[in-house]
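Asks: Provided below are the primary sequence and the corresponding predicted coordinates.
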Amino acid sequence: MIARKKYFLTAIIQLMFLLLINLLCLHAQPSKFVIMTDSRGDDIGVNTPVLSKIINHINANHGDIKFLIFPGDMVSGNKIYPDSTYIQMLHWKDVMRPLYDNPGLIPPKIFITEGNHEIQTRFDENNLRKVFPDMPQNGPDDEKGLTYSFDFGKVHFAVIASNRWYYGNPADTTDDRRDWRYIRHLDWLENDIKKAKENGSEMIFVLSHEPVFPAGGHLRDGLPNLRKDLKLPLDSIRLVYFNRRNEFWKLLKDNGVSAYICGHEHLYARQTVDGVMHITAGSSGAPLYNFNPKYGEGKDEKTETEKEMSYEDALPYYKTLNYDYGETGNCQASPDFFGLKVFHYILFEAGETGLKAVVYGAYPKKGTDDELGSEITILDEFLILPR
């Protein structure tokens with residue numbers, strides 16, 4: 001009897017020891033996740049060749065990631081036929097199948113929110129919810145599945161809708177329109193961040209589609225939404241959007257957010273403004289953009305796309321946004337600005353003091369803005385710290 005008790009005691013001690021070792025191993029092995037955006041293209045709304053190459057690279061080299069976040073413009077969408085946008089989103093999920101089939105990712109495996117290209121008719125929000133029914137449902141009542149938050153270890157993520165549909169009278173189809181580039185529920189976001197900190201979150205990430213500080217190709221819109229042919233001082237409509245954008249950024253700054261991550265601009269950029277890192281993870285297939293024109297660039301002619309402008313055209317936007325313009329300025333919001341015109345994704349890995357970010361990307365084929373021209377390699381590395 002004594003021998004049997006001794007045997008069971010020894011077995012329990014060994015089991016506890018094994019469990020402790022496993023826990024230590026899990027703690028010692030940092031967790032990883034990926035963030036990327038903007039994969040729209042010409043193959044059923046998706047740039048399938050580029051996106052597939054990126055997804056295969058992630059699976060082959062970082063199959064141990066726990067999830068991926070994709071804040072918008074998965075597809076090109078359609079202004080007239082919502083069924084077309086619906087089919088495009090289904091195709092996007094097929095292209096992402098290698099990640100959905102990876103058993104190591106935690107559900108829903110890929111977290112999404114809408115971009116402007118997914119929301120172009122009054123039916124698109126509900127279609128997006130049908131295609132992605134498993135998003136967290138803890139957001140504001142009118143943004144369930146579009147705005148939400150979740151925790152991963154000591155990191156808290158708030159994913160925010162910035163491109164909605166407006167209904168004046170829901171029964172009147174002539175009294176609605178797209179309501180892009182505006183974040184409606186700042187109170188919800190502030191309460192969510194404060195609650196996360198009370199619950200022990202050490203780092204806060206906020207993600208949405210639209211940039212707060214446009215870096216190239218979208219000076220006219222993004223969350224500032226200054227629109228075409230800007231004349232100073234700002235008119236009343238522009239002030240509504242611009243003030244909302246400023247209020248949003250102040251909320252992030254005042255509540256200790258470590259990083260804001262967005263897309264919309266098809267390029268890679270990072271800079272630190274008011275202590276918050278602003279990261280644009282803007283092309284996993286969408287056609288690449290140039291950066292904001294500097295002094296002496298494009299004075300007499302437009303740059304590559306209609307959305308981009310000459311330095312002279314950009315001056316009113318730089319003045320409004322308080323960018324560093326002039327002969328020696330970088331025409332961005334911060335002197336630590338760094339950017340690359342590349343297709344890419346960002347791998348984040350939890351470390352002892354913060355999150356290490358590694359940017360994997362490839363340059364475009366010469367003479368194109370939507371084809372790969374090099375192998376995917378490491379292009380940038382940086383550290384994100386708690387605030």
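Replies: Great, that's in hand.

Asks: give me every residue that touches the residue nearest in space to the middle of the chain.
Replies: The chain has residue 262 as the residue nearest its centroid, 3.5 Å off, counting by CA atoms, centre = their mean. Listed by CB atoms under 8 Å, 6 or more residues apart in numbering, the contact set of residue 262 reads 37, 71, 207-212, 278-282. Every residue, glycine included, has its C-beta placed from N, CA and C.

Asks: same question, residue 57
Replies: Shown in contact with residue 57 (CB under 8 Å, 6+ apart): 345, 360, 376.

Asks: and the host helix or strand of residue 195, average pLDDT?
Replies: Assessed by DSSP states H and E, residue 195 sits inside helix 186-198. If you average the pLDDT over helix 186-198, you get 97.

Asks: in it, what's buried?
Replies: By neighbour count on 16 or more other CB atoms under 10 Å, the buried set for helix 186-198 is 188, 189, 192, 193, 196.

Asks: and the two most separated of those residues?
Replies: Using CB to CB, the buried residues of helix 186-198 span at most 12.5 Å, a distance reached by 188 and 196.

Asks: so of the contacts of residue 262, which ones are in strands?
Replies: 71, 207, 278, 279, 280, 281 (DSSP state E).

Asks: which pair of the residues you listed spans the longest distance?
Replies: Taking CB to CB as the measure, the ones in strands among the contacts of residue 262 span a maximum distance of 13.4 Å, between 71 and 278.

Asks: and the two? which has more neighbours close in?
Replies: Taking neighbours as other CB atoms under 10 Å, residue 71 and residue 278 compare with residue 71 leading, 28 against 24.

Asks: what bridges to the more buried one?
Replies: Residues in a beta bridge with residue 71, per DSSP bridges, are residue 113.

Asks: spit out the contact partners of it.
Replies: Residues counted as contacts of residue 71 (CB under 8 Å, 6+ apart) are 35, 37, 112, 113, 115, 159, 207, 208, 209, 261, 262, 263.

Asks: now pLDDT and distance to residue 326 too, for the residues you listed, in CSV please.
Replies: Formatted as CSV, these follow (pLDDT from 0 to 100; distance: CB to CB, whole Å):
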residue, pLDDT, distance to residue 326
35, 98, 33
37, 98, 31
112, 98, 40
113, 96, 37
115, 96, 33
159, 98, 37
207, 98, 33
208, 98, 30
209, 98, 31
261, 98, 29
262, 98, 26
263, 97, 29
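
Asks: let's have the buried residues of helix 186-198 in CSV, adding distance to residue 321.
Replies: Formatted as CSV, the buried residues of helix 186-198 follow (distance: CB to CB, whole Å):
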residue, distance to residue 321
188, 26
189, 22
192, 27
193, 25
196, 29
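
Asks: quick one: which of the residues you listed is nearest to residue 320?
Replies: Of the buried residues of helix 186-198, the one sitting nearest to residue 320 (CB to CB) turns out to be residue 189, at 24.1 Å.

Asks: what's near enough to touch that closest one?
Replies: Residues near residue 189 by CB under 8 Å, 6+ apart: 158, 160, 183, 206, 251.

Asks: let's see that with 10 Å instead.
Replies: Listed by CB atoms under 10 Å, 6 or more residues apart in numbering, the contact set of residue 189 reads 139-140, 147, 149, 158, 160, 183, 206, 208, 248, 251-252, 255, 257.

Asks: out of the residues you listed, list just those in strands.
Replies: Among these, the members falling in strands (DSSP E) are 149, 158, 206.

Asks: let's have those in TSV, adding distance to residue 327, neighbour count and pLDDT.
Replies: Below are the ones in strands among the contacts of residue 189 laid out as TSV (distance: CB to CB, whole Å; neighbours: other CB atoms under 10 Å; pLDDT from 0 to 100):
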residue	distance to residue 327	neighbour count	pLDDT
149	44	22	98
158	40	23	98
206	35	26	98
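
Asks: looking at those, which is nearest residue 383?
Replies: Proximity of these to residue 383 (CB to CB) peaks at residue 206, which lies at 18.2 Å.

Asks: got the contact list for the closest one?
Replies: 149, 156-160, 183, 189, 192-193, 212, 248, 251-252, 255, 257-262, 276.

Asks: tell me what it is bridged to.
Replies: Beta-bridge partners of residue 206, counted by DSSP bridges, are residue 158, residue 260.

Asks: roughly how far does residue 116 sit from residue 122?
Replies: Counting by CB to CB, to the nearest Å, the gap from residue 116 to residue 122 is 15 Å.

Asks: same question for residue 153.
Replies: 39 Å.

Asks: looking at the contacts of residue 189, which are in helices?
Replies: Under the assignment DSSP state H, the contacts of residue 189 contribute 248, 251, 252 to helices.

Asks: of the residues you listed - the most surrounded one?
Replies: Among the ones in helices among the contacts of residue 189, residue 252 has the most neighbours (other CB under 10 Å), with 25 neighbours.

Asks: on that earlier part again, list residues touching both of residue 71 and residue 278?
Replies: Contact criterion CB under 10 Å, 6+ apart; residues shared by residue 71 and residue 278: 261, 262.

Asks: need the helices for the stretch 201-350 of the chain, in chain order.
Replies: Assigned by DSSP state H, counting those that start in this stretch, the stretch 201-350 of the chain shows helices spanning 236-254, 311-321.

Asks: and the stretch 51-200 of the chain, by the same measure?
Replies: 82-95, 97-100, 124-131, 186-198.

Asks: redo these as TSV? Include distance to residue 49.
Replies: TSV is the format used below for the helices of the stretch 51-200 of the chain (distance: least, CB to CB, whole Å):
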stretch	distance to residue 49
helix 82-95	10
helix 97-100	15
helix 124-131	22
helix 186-198	37
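
Asks: neighbour-wise, which of residue 153 and residue 122 wins?
Replies: Comparing residue 153 with residue 122 by other CB under 10 Å, the one with more neighbours is residue 122, at 16 against 12.

Asks: residues contacting the more buried one?
Replies: 82, 165, 166, 167, 170, 173, 176, 177, 178.

Asks: and residue 244, how far from residue 212?
Replies: Between residue 244 and residue 212 the computed distance is 11 Å (CB to CB).
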